[in-house]
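A.B. asks: Give me coordinates for this.
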Amino acid sequence: MSSVRLDPPVIVTRDAFHVVGLRERYEQGKQMGIPAQWDRFVPRIDEIANRSVHRTYGVCVCEARDPASSPGGPPHFQYTACAEVSAIERVPDGMIGFTVPGGTFAVFTHRGPISEFGATIQAVWGGGLAAAGLTPTGAPDFELYDERFCGGGEGSVVEIFIPVVPRE
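C.D. replies: Here you go, the predicted structure:
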């Protein structure tokens, strides 16, 4: 049982936005490589043109499970450590640029060290959405790291945006 105190989400509407970053593929439940992915991305952030200051994202795109290629296998997702850009004009070698769709999102807030972030994610997907009466749409979800994020600090804040079916 998680000791994470999860506040009810705030429901917001966001427009689509553009990002550029490093993308990797992970098996659900085996995403230990994400911190190392960020370690590779952060030193290259200045290579990105048209970058918004103080806004980076972790964008998750779940892959549709193909029973023919992986019957009964675990689902996979693509994770992109990225920065928001005003336009996708030049994408550095080894990176990808794309548009994150807009929509209605449930925003959960992680407060505290990033080392405890996994417990917050488990609380969101393991009951937080259901407790709020929300259904995820399956569109990309993302983490927002802005000026409130300070890594290992107790006062660090990360917002988690999950696209949801709006409340009736």
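A.B. asks: Quick check: nearest residue in space to Thr109, chain neighbours excluded?
C.D. replies: The shortest distance from Thr109 to any non-neighbouring residue, by Cβ to Cβ, 6 or more residues apart in numbering, is to Glu159 (5.7 Å). The C-beta positions use only the backbone N, C-alpha and C, and glycine is treated the same way.
A.B. asks: So that neighbour versus Ala87, what's the distance?
C.D. replies: According to Cβ to Cβ, to the nearest Å, Glu159 stands 24 Å off from Ala87.
A.B. asks: which residues touch the helix or strand Glu159 falls within?
C.D. replies: Following DSSP states H and E, one finds Glu159 within strand 157-163. For strand 157-163, contacts defined as Cβ atoms under 8 Å, 6 or more residues apart in numbering pick out 9, 12, 14, 101, 103-111, 114, 117, 120-121, 124, 129, 134, 136-146, 148-149.
A.B. asks: Okay, now the sheet partners of it, with direction.
C.D. replies: Using DSSP bridges, strand 157-163 pairs in its sheet with strand 103-111 (antiparallel), strand 141-145 (antiparallel).
A.B. asks: What are the buried residues along that strand?
C.D. replies: For strand 157-163, the neighbour count (16 or more other Cβ atoms under 10 Å) marks Val157, Val158, Glu159, Ile160, Phe161, Ile162, Pro163 as buried.
A.B. asks: So what pairs up with the closest residue in space to Ala139 that isn't next to it in sequence in the strands?
C.D. replies: Leaving aside its chain neighbours, Ala139 sits nearest to Pro163 (4.1 Å; criterion: Cβ to Cβ, 6+ apart). The partner list for Pro163 in beta bridges (DSSP bridges) reads Phe105.
A.B. asks: Done for today, thanks.
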